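**Student:** Could you work out the structure for the sequence below:
(one chain, ligands or ions: 2)
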Amino acid sequence: MLSERQSYSSNPILIQATLKAIERRREEEAREPVFLAERVGFEMDSWQKDVLRSQAQQLIILASRQSGKSLVTSLLALWTAIYKPGALVLILAPALRQSQLMHRTIRQLHATLPDAPKLYEESALRIELSNGSQIVALPGSEKTVRGYSGVDLLICDEAARVPDELYQAVRPMIAVSQGRIVLLSSPFGRRGFYHDVGENGGPAWHRTKITAYDCPRISREWLEQERKQIGDFWFTQEYECSFNDDVSAVFRYEDIMAAMSHDIEPQWSIANALR
Ligand SMILES: Nc1ncnc2c1ncn2[C@@H]1O[C@H](COP(=O)(O)OP(=O)(O)OP(=O)(O)O)[C@@H](O)[C@H]1O
Ligand SMILES: [Mg+2]
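**Tutor:** Residues are numbered from 1 along each chain as shown. Ligands and ions are numbered 1, 2, ... in the order given. The predicted model follows:
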């Protein structure tokens, strides 16, 4: 007599129903990355769901330390690689060690999905899936970062600490392919491209701002203790998304902006010099 397991696995109706269910789930996941997040075992916070559902070409995430910005972006990277065959996903960070961290998270998430396209090639810097998609961790140096084109998703982790030259070197890589870009960071002073995009980027950017108080995994009590430990300057920067002046700055940003006026004629200008 057949065991119960054998009779199930050879029942054509059951097999067909299972295959249909798998197919349906694949279609849902292809439309909706949130389902992929659930399948790897995470119930996304509502802002993380918004990020995963966004169709925007350009996203900027300003978020507290440990709020889950790297995880949600890793899931977006994995979803892109699985459901857009041949996709090229690049991860940039201030240093190679940091881009490799996200790369490793993506590998670990991928390992929990037995029916995802298999790993075709793997190194500490690059994985290629059997559907031709690649995920590459970039070095944090402007001289060695060039050479990629046709990028589908460009991720810039800890973006507030990525030098402007590095950002300028990678941005053209999404130009022709109309690829997406995600900048994610906690703040780091009122300077650089990340601060500038946040202040002046306009409606072309999908914006998310999440303080530690919005994160269900960080308790109020712990935050109060932390404020006492590290002081207001660092606490407001790391947990309250505040772009503070550089610790060594002599003048506050607001004071400099308030002192600027467009009504004053410069005494020395190029036009004057040429007269
Ligand atoms: N929705 C979620 N459900 C459960 N755990 C989560 C969720 N989002 C993030 N985490 C976990 O919270 C921790 C911090 O997440 P992550 O590293 O993405 O934060 P981060 O904002 O990038 O932090 P940092 O600023 O330190 O880089 C990780 O252990 C991650 O797995
Ligand atoms: Mg992170």
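**Student:** and the stretch 101-250 of the chain, which of its residues are near ligand 1?
**Tutor:** 186, 217 (Cβ under 6 Å from any ligand atom). Quick note: C-beta positions are derived from backbone N, CA and C, even for glycine.
**Student:** show me where the stretch 101-250 of the chain has strands.
**Tutor:** 119-122, 126-129, 134-137, 153-157, 180-185, 206-210 (DSSP state E, counting those that start in this stretch).
**Student:** So, low pLDDT: which residues of the protein?
**Tutor:** Residue ranges of the chain with pLDDT under 70: 1-8, 247-275.
**Student:** Kindly recompute the last result at 90.
**Tutor:** Scanning the chain with the threshold set as pLDDT under 90 gives 1-14, 18, 21-23, 25-26, 124, 140-147, 176, 245-275.
**Student:** now the helices: where do they sit in it?
**Tutor:** 4-9, 12-31, 33-39, 46-53, 69-83, 96-111, 164-170, 192-200, 220-239, 253-259, 270-274 (DSSP state H).
**Student:** okay if I get those helices as CSV plus mean neighbour count?
**Tutor:** Compiled in CSV, those are given as follows (neighbours: other Cβ atoms under 10 Å):
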stretch, mean neighbour count
helix 4-9, 10
helix 12-31, 11
helix 33-39, 19
helix 46-53, 18
helix 69-83, 23
helix 96-111, 18
helix 164-170, 16
helix 192-200, 17
helix 220-239, 14
helix 253-259, 11
helix 270-274, 8
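**Student:** Redo the ones you listed as JSON lines? Include distance to A212.
**Tutor:** Output for the helices of the chain, formatted as JSON lines (distance: least, Cβ to Cβ, whole Å):
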{"stretch": "helix 4-9", "distance to A212": "48"}
{"stretch": "helix 12-31", "distance to A212": "30"}
{"stretch": "helix 33-39", "distance to A212": "21"}
{"stretch": "helix 46-53", "distance to A212": "13"}
{"stretch": "helix 69-83", "distance to A212": "12"}
{"stretch": "helix 96-111", "distance to A212": "20"}
{"stretch": "helix 164-170", "distance to A212": "26"}
{"stretch": "helix 192-200", "distance to A212": "18"}
{"stretch": "helix 220-239", "distance to A212": "4"}
{"stretch": "helix 253-259", "distance to A212": "23"}
{"stretch": "helix 270-274", "distance to A212": "48"}
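**Student:** So which of these is nearest C156?
**Tutor:** Of all the helices of the chain, helix 164-170 sits nearest to C156, with 6.8 Å by Cβ to Cβ.
**Student:** Which neighbouring elements make contact with the closest one?
**Tutor:** With contacts taken as 3 or more Cβ pairs under 8 Å, 6 or more residues apart in numbering; DSSP states H and E, helix 164-170 sits against strand 88-92, strand 153-157, helix 192-200.
**Student:** could those be laid out in CSV, adding distance to Q108?
**Tutor:** Listed next are those as CSV, based on distance: least, Cβ to Cβ, whole Å:
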stretch, distance to Q108
strand 88-92, 14
strand 153-157, 16
helix 192-200, 27
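**Student:** ok, and for stretch 175-185, which residues are buried?
**Tutor:** 179-185 (16 or more other Cβ atoms under 10 Å).
**Student:** Next: stretch 83-98.
**Tutor:** Quick answer for stretch 83-98 (16+ other Cβ under 10 Å): 83-84, 87-94, 96, 98.
**Student:** Return the alpha-carbon coordinates of it using CSV.
**Tutor:** Extracted in CSV, the C-alpha atoms of stretch 83-98 (Å, rounded to 0.1, in the frame of the first residue of the first chain):
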residue,chain,number,x,y,z
TYR,A,83,11.8,39.5,-11.4
LYS,A,84,13.7,41.5,-14.0
PRO,A,85,15.9,38.9,-15.7
GLY,A,86,19.3,40.3,-16.8
ALA,A,87,19.0,43.2,-14.3
LEU,A,88,22.2,44.9,-13.1
VAL,A,89,22.0,46.1,-9.5
LEU,A,90,24.9,48.2,-8.1
ILE,A,91,25.5,48.9,-4.4
LEU,A,92,27.5,51.9,-3.5
ALA,A,93,28.6,53.0,0.0
PRO,A,94,31.3,55.1,1.5
ALA,A,95,33.6,52.1,1.7
LEU,A,96,33.7,48.6,0.1
ARG,A,97,33.2,47.0,3.5
GLN,A,98,29.8,48.7,3.8
